[in-house]
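Enquirer: With the input below, show me the fold.
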Amino acid sequence: MNRRELLAALGGMVVAGCAGSGARDVAHSAGTAAGADAASNAPAPGRSVMDAELAHGQFPGAVWLVAKGEDVTVDTLGVTAIDGSAPMARDTIFRIASMTKAVTALAVLMLVEEGKLALDAPVETWLPELGNRRVLKRIDGPIDETVPAERAITVRDLLTFTMGFGISFEPIPIQKSIDELQLVNAEPLPMTPHAPDEWIRRLGTLPLMHQPGARWMYNTGSLVQGVLVRRAAKQDFDVFVRERILAPLDMRDTDFHVPPSKLSRFAGCGYFTNPQTGQKTRMDRDGAESAYASAPVFPSGAAGLVSTVDDYLAFARLLMSGGVHRGRRLVSEALVREMTRDQLTPAQKAASSFFPGFFNTNGWGYGVCVSTAPDAISPEPGRYGWMGGFGTDWFSDPRRDLVVVAMTQSSDYLFSGARERFGKSVYDAIG
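Expert: Residues are numbered from 1 along each chain as shown. Just a heads-up that it's a prediction; the model follows:
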């Protein structure tokens, strides 16, 4: 799936942001670990929708989790790979792509709380490669026609995706330069071959697309955040995430790659169907041939993680609890509130684009989409979360003490309306 194919898919997407065989495995628990639950024959919320989507060929299989307070329901459906026979299971590992962004933002906020970063400080304090920025005179102009940046990029700009640089879905000159430099600022794969210091050096050779703070642009801010954490913490980004977030939350199956011992639980990559041509493509290979089967040179803060539904529930609950996990505070409640509220101004939204109508019902916090108006999933705003380009999704609704995590490995789940149908069915089921 390239940028133009993604744009075509987004153009036909129902606007609601946040967020094989017929094998079945339903489990209920009160927040216990996977494998410790008593089986139940009761269908999980969303089951009928997932059954229909499987029948229509949207994906070979799926695992989803609905947590209402301490009551957790997990359901599985289908098989782990195209033409495969291994059934989906509660501990199946998935590429979660852009669901990584929230984890990365939390890592930044931990360093803010420690005083190693400051939200309104210039990022050039830690990333001198991004100092003295110049900005394109016009987005479709030559990359050497620039004006000085009106101000420095701040840490907050990175978190809110208002740094002035991001994905472009059009073949503009600067995108050609981005591709030539192998910065990979759009799709999860292929991964950049450059280590963090070299990657940020190359990014620093390019002008910004827009003035810092002027508008929202997707994705690149999360890539830069990963390098920023590495510099500010004086520790590799992936190591920081493991030690400060994954280990305390007992997210044992979440990492930037899948080790050989867990490849048998790693779901295969499904299809993306081009909505204009009907052509089906796959972004990754399966098993040991996957790009996620070995440790990356550049651990991506935008799309680098793999995870399971239970692991991601632990992360989502940390945010729902205001930064506390099992009595231990990992980050302040005030910073979690900032992370999960809409940070964009009306002017920034008006100047920005993503897919049609996105900012009519959504805003952006720090690494998460925030529902700001009724949409196709719920008549009430207030959800936050995000999806992953391989076919995963998560949202939390603090008003209802609700966390929903759905995982497939088929991008078609996101762009066909299936995601919205599933989300709505969950709300319909819980009343």
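Enquirer: Name the residues of the helix or strand where residue 241 lies that are buried.
Expert: Taking DSSP states H and E as the criterion, residue 241 maps to helix 237-241. By 16 or more other CB atoms under 10 Å, the buried positions in helix 237-241 come out as 237, 238, 240, 241. In short, each C-beta sits where N, CA and C put it, glycine included.
Enquirer: which phi and psi does residue 148 have?
Expert: Dihedral pair for residue 148: phi -70, psi 150, per degrees, to the nearest 10.
Enquirer: what about the closest residue to it other than its chain neighbours, distance to residue 213?
Expert: Residue nearest to residue 148 in three dimensions, not counting chain neighbours: residue 134, with 6.0 Å by CB to CB, 6 or more residues apart in numbering. Computed as CB to CB, to the nearest Å, the residue 134 to residue 213 distance reads 16 Å.
Enquirer: So which of the two has more stuff around it?
Expert: It is residue 213, of residue 134 and residue 213, that has more neighbours when counted by other CB atoms under 10 Å, with 19 against 15.
Enquirer: Please name the residues that touch the residue lying closest to the more buried one once chain neighbours are set aside.
Expert: Using CB to CB, 6+ apart and skipping residues adjacent in sequence, the residue nearest residue 213 is residue 162, 5.2 Å away. Residues near residue 162 by CB atoms under 8 Å, 6 or more residues apart in numbering: 156, 212, 213, 214, 215, 216, 217, 221, 344, 348.
Enquirer: Specify the local secondary structure of the third one.
Expert: The one in question is residue 213. State at residue 213, reduced to three classes by DSSP: H, G, I helix; E, B strand; the rest coil: coil.
Enquirer: That one: what's it in contact with?
Expert: Here residue 213 is in contact with 151, 154, 157, 162, 164, 348 (CB under 8 Å, 6+ apart).
Enquirer: Out of these, grab the one that's most surrounded.
Expert: residue 162 (28 neighbours).
Enquirer: can I assume that residue sits in a strand?
Expert: No - per three-state DSSP, residue 162 lies outside any strand segment and is coil.
Enquirer: Show the pLDDT at it.
Expert: We have a pLDDT of 98 for residue 162.
Enquirer: any idea how far it is from residue 301?
Expert: Residue 162 is 16 Å from residue 301, by CB to CB.
Enquirer: Residue 395 now?
Expert: From residue 395 to residue 301 the distance is 21 Å (CB to CB).
Enquirer: Comparing those two, which shows the higher neighbour count?
Expert: residue 301 (31 against 27).
Enquirer: Secondary structure element holding that one?
Expert: For residue 301, there is no host helix or strand (DSSP H and E).
Enquirer: Correct me if wrong: it contacts residue 98.
Expert: No - counting by CB atoms under 8 Å, residue 301 does not reach residue 98; the two are 10.4 Å apart.
Enquirer: and for the two, which residues touch both?
Expert: Jointly contacting residue 301 and residue 98 under the rule CB under 8 Å, 6+ apart are residue 222.
Enquirer: how far does the strand or helix carrying residue 176 sit from the chain's center?
Expert: If you go by DSSP H and E, residue 176 is part of helix 173-180. Its chain's C-alpha centre and that of helix 173-180 lie 24 Å apart, by CA atoms, centre = their mean, to the nearest Å.
Enquirer: Name the next helix or strand downstream of that helix, please.
Expert: helix 196-203.
Enquirer: Could I get the buried residue list for that next one?
Expert: Counting neighbours by 16+ other CB under 10 Å, the buried set in helix 196-203 is 196, 199, 200, 202, 203.
Enquirer: Could you give the average pLDDT over that helix?
Expert: 98.
Enquirer: any idea of the angle it forms with helix 173-180?
Expert: If you take axes from the mean of the first three to the mean of the last three CA atoms, to 10 degrees, helix 196-203 sits at 150 degrees to helix 173-180.
Enquirer: What is helix 196-203 packed up against?
Expert: Contact analysis of helix 196-203 by 3 or more CB pairs under 8 Å, 6 or more residues apart in numbering; DSSP states H and E lists helix 220-233 as its packing neighbours.
Enquirer: Turn the contacts of residue 213 into JSON lines, columns for distance to residue 181.
Expert: Below are those laid out as JSON lines (distance: CB to CB, whole Å):
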{"residue": "151", "distance to residue 181": "25"}
{"residue": "154", "distance to residue 181": "24"}
{"residue": "157", "distance to residue 181": "21"}
{"residue": "162", "distance to residue 181": "22"}
{"residue": "164", "distance to residue 181": "17"}
{"residue": "348", "distance to residue 181": "27"}
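Enquirer: Identify the residues contacting the helix holding residue 241?
Expert: With CB under 8 Å, 6+ apart as the test, helix 237-241 has contacts from 103-104, 107, 196, 226-227, 229-230, 233, 255-256, 295, 299, 301, 304.
Enquirer: Just the C-alpha atoms of that helix, please, in PDB.
Expert: Taking C-alpha atoms only, helix 237-241 is exported to PDB below (Å, rounded to 0.1, in the frame of the first residue of the first chain):
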ATOM      1  CA  PHE A 237      14.400   4.500  22.600                       C
ATOM      2  CA  ASP A 238      13.400   0.900  22.500                       C
ATOM      3  CA  VAL A 239      15.200   0.200  25.700                       C
ATOM      4  CA  PHE A 240      13.500   3.100  27.400                       C
ATOM      5  CA  VAL A 241      10.100   1.900  26.300                       C
END
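Enquirer: Tell me the strands beside whatever helix or strand comes next after it, with direction?
Expert: With elements assigned by DSSP H and E, the helix or strand that comes after helix 237-241 is strand 272-273. Strand 272-273 has the following sheet partners, assigned by DSSP bridges: strand 280-281 (antiparallel).
Enquirer: Just give me how far the helix holding residue 241 sits from the chain centre.
Expert: 17 Å.
Enquirer: what's the answer for stretch 162-180, then?
Expert: For stretch 162-180, the distance to the chain centre is 20 Å (CA atoms, centre = their mean).
Enquirer: May I see the buried residues of it?
Expert: Residues of stretch 162-180 classed as buried under the neighbour-count rule (16+ other CB under 10 Å) are 162, 163, 164, 165, 166, 167, 168, 169, 172, 174, 175, 178.
Enquirer: Can you name the residues that contact the nearest residue to residue 253 once chain neighbours are set aside?
Expert: Excluding the flanking residues, the one nearest residue 253 by CB to CB, 6+ apart is residue 308, at 4.7 Å. When contacts are counted by CB under 8 Å, 6+ apart, residue 308 touches 34, 63, 90, 91, 92, 93, 94, 253, 254, 407.
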